[in-house]
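Asks: turn this into a model:
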Amino acid sequence: MEKLIIHKAKGLTGTITIPGDKSISHRCLMLGSLASGKTVIRNFLRSEDCLSTMESFRKLGIKIIRKKNKVTVFGKGLYGLKAPKKMLNANNSGTTTRLMLGILAAQPFTSKITGDKSLCRRPMLRVTEPLRRMGASITGKDGGNYTPLTISGGRLQGINFRSKVASAQVKSAVLLAGLYASGKTCVTEPVKSRDHTERMLGYFGVKPDIKGNTVCVKGGRELKGRKIEIPGDISSAAFFIVAGLIVPNSKLVIKNVGINPTRTGILEALLKMGAKLKIVNKRNREYEPAADIIVRPGNLKGTLIGGKIIPRLIDEIPILAVAAAMARGKTVFKDAGELRVKESDRIKTLCTELNKFGVKTRELKNGFIVYGGAPPKGAKSISHGDHRISMSMAVLALAAQGVSEIKDTACIKTSFPEFFGLLKKITG
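Replies: Numbering: from 1, shown residues only. Below is the predicted model of the structure:
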């Protein structure tokens, strides 16, 4: 079992560059595979999750060449995929599974997809139900709610789908299926979720119709291969942003961070808590905006985090909980029931692991409360197989008295394999 030993840091300094955005890396591979012609991707995230997507498309007959963080995809068009000879394995990647379901639902062959033990416990009905309404046949455990799943694709009909949850994975799966469906496919969300799929579709030549929280695509339009440079992942940058805020005598410059408005809830929440952040050198690429972020430590205060901002920072709540642990007063996280069905039950695991550091918490049905301000103490923490829990506790350990041990850290490689090296760089 891999582990990290972390001592209290005296200060964090340096300039770091964050690897490519995970969500965008997945989507570039997918749309590049479905496009006509060659797609060249730079700053591709070489995480286990993204490599699971890459391997799945190779099994579907797509030629993909990877040289470090540059990936070339030789797309075969919407109808160029071939029946896989083996079951597709998404390993730990929910994004791979759910978005692939949307694509596989339209193929003229039968395919199967599975994952590791953690993924096989994550719900899929939120995706399989609308795809069935479109005409796909999807079967599996508990009525198709859990992998492994068998997908018999075919002719799809466009639908108007009103999602009960604001989920980019659900929205993306239905929109990707809509590329093949007759007529128009529309997805309406209660609150707008991250919009990387919509932006990428437009960049690849199929511009969606967007009105408020509703996104529509018309079927039968071809994608065209493109050149793409992926900005740094703000979800990964968040760990170093919070580290720079809570460790005294720190100054960090984090370069090339994606600042898509549907993802910057983390920055807004931290600024509300009193964080000293500067966003500089903004550049608005044709598909995704980016900037550099300068971080200095300061006095944080507790706040309320809930409502419409939650879909824009759902993945960053574990590291926000660490900021809350170091803030004055209590921070209440609410409307975050989605955390119950992530790689772990993040509400329960966050409260459990923060308590080990001497941080008082209270678990709620759809959220939790962190009572901050007391100096954390070094602890023996475990990841529960969840990469974001592991990295969040590692950041808290930088501000804790004494020595901390974070166990089962191999899961970090699913999203951020460079985390260890960057952590070492800024701590000296």
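Asks: give the bridge partners for V295, please.
Replies: L252, L277 (DSSP bridges).
Asks: what sits against it?
Replies: By CB atoms under 8 Å, 6 or more residues apart in numbering, V295 lies in contact with F240, I241, G244, L245, S250, K251, L252, V253, I254, A275, K276, L277. For the C-beta atoms, the positions are set from N, CA and C on the backbone; glycine is no exception.
Asks: now do the contacts for the third one.
Replies: What that stands for is G244. L12, S250, K251, L252, V295, R296, P297.
Asks: in what helix or strand does it lie?
Replies: Element membership of G244, judged by DSSP states H and E, is helix 234-246.
Asks: quick one: average pLDDT of that helix?
Replies: What helix 234-246 shows for mean pLDDT is 98.
Asks: cool, stretch 342-352 as well?
Replies: So the average pLDDT for stretch 342-352 ends up being 96.
Asks: in it, what's buried?
Replies: K342, E343, S344, D345, R346, I347, T349, L350, C351, T352 (16 or more other CB atoms under 10 Å).
Asks: for the second one, which non-adjacent residue is closest in space?
Replies: For E343, the nearest residue in space outside its immediate sequence neighbours is D386; the separation is 4.2 Å by CB to CB, 6 or more residues apart in numbering.
Asks: tell me the phi and psi of the one you found?
Replies: Dihedral pair for D386: phi -110, psi 120, per degrees, to the nearest 10.
Asks: which pLDDT value belongs to it?
Replies: 96.
Asks: residues contacting the nearest residue to G219 once chain neighbours are set aside?
Replies: Distances taken as CB to CB, 6+ apart put A181 closest to G219, at 4.3 Å, once the chain neighbours are dropped. By CB under 8 Å, 6+ apart, the contact list for A181 reads A106, M134, G135, L156, Q157, G158, I159, G219.
Asks: okay, and which of those residues map to strands?
Replies: Among those, none falls in strands (DSSP state E).
Asks: by neighbours, which of these wins?
Replies: With neighbours defined as other CB atoms under 10 Å, the most crowded of these is A106; it has 25 neighbours.
Asks: distance check, that residue against K76.
Replies: The gap separating A106 from K76 is 14 Å, by CB to CB, to the nearest Å.
Asks: then I317?
Replies: In terms of CB to CB, I317 sits 39 Å off from K76.
Asks: and those two? Which one has more around it.
Replies: I317 (27 against 18).
Asks: how much space between T96 and P261?
Replies: Going from T96 to P261 by CB to CB gives 25 Å.
Asks: who has more neighbours, those two?
Replies: When neighbours are counted by other CB under 10 Å, T96 comes out ahead of the other of T96 and P261, with 29 against 12.
Asks: for the more buried one, give me its contacts.
Replies: Contact analysis of T96 by CB under 8 Å, 6+ apart lists H26, D49, S52, T53, S56, A90.
Asks: closest to A394 out of these?
Replies: A394 has its nearest neighbour among the contacts of T96 in D49, at 19.0 Å by CB to CB.
Asks: so the closest one belongs to a helix, correct?
Replies: Yes: D49 forms part of a helix when assessed by DSSP: H, G, I helix; E, B strand; the rest coil.
Asks: neighbours around it, how many?
Replies: Around D49 there are 23 other residues, counting by other CB under 10 Å.
Asks: in the stretch 301-428 of the chain, what residue spans correspond to strands?
Replies: 304-305, 329-333, 360-364, 367-372, 380-382, 403-407 (DSSP state E, counting those that start in this stretch).
Asks: helices or strands next to the first one in the packing?
Replies: Judged by 3 or more CB pairs under 8 Å, 6 or more residues apart in numbering; DSSP states H and E, the packing partners of strand 304-305 are strand 329-333.
Asks: partners of the strand it packs on in the sheet?
Replies: strand 304-305 (parallel), strand 367-372 (antiparallel).
Asks: any idea of the angle the last one forms with strand 360-364?
Replies: In this case it means strand 367-372. 170 degrees (axes from the mean of the first three to the mean of the last three CA atoms, to 10 degrees).
Asks: buried set for strand 367-372?
Replies: Those would be G367, F368, I369, V370, Y371, G372, for strand 367-372 by 16+ other CB under 10 Å.
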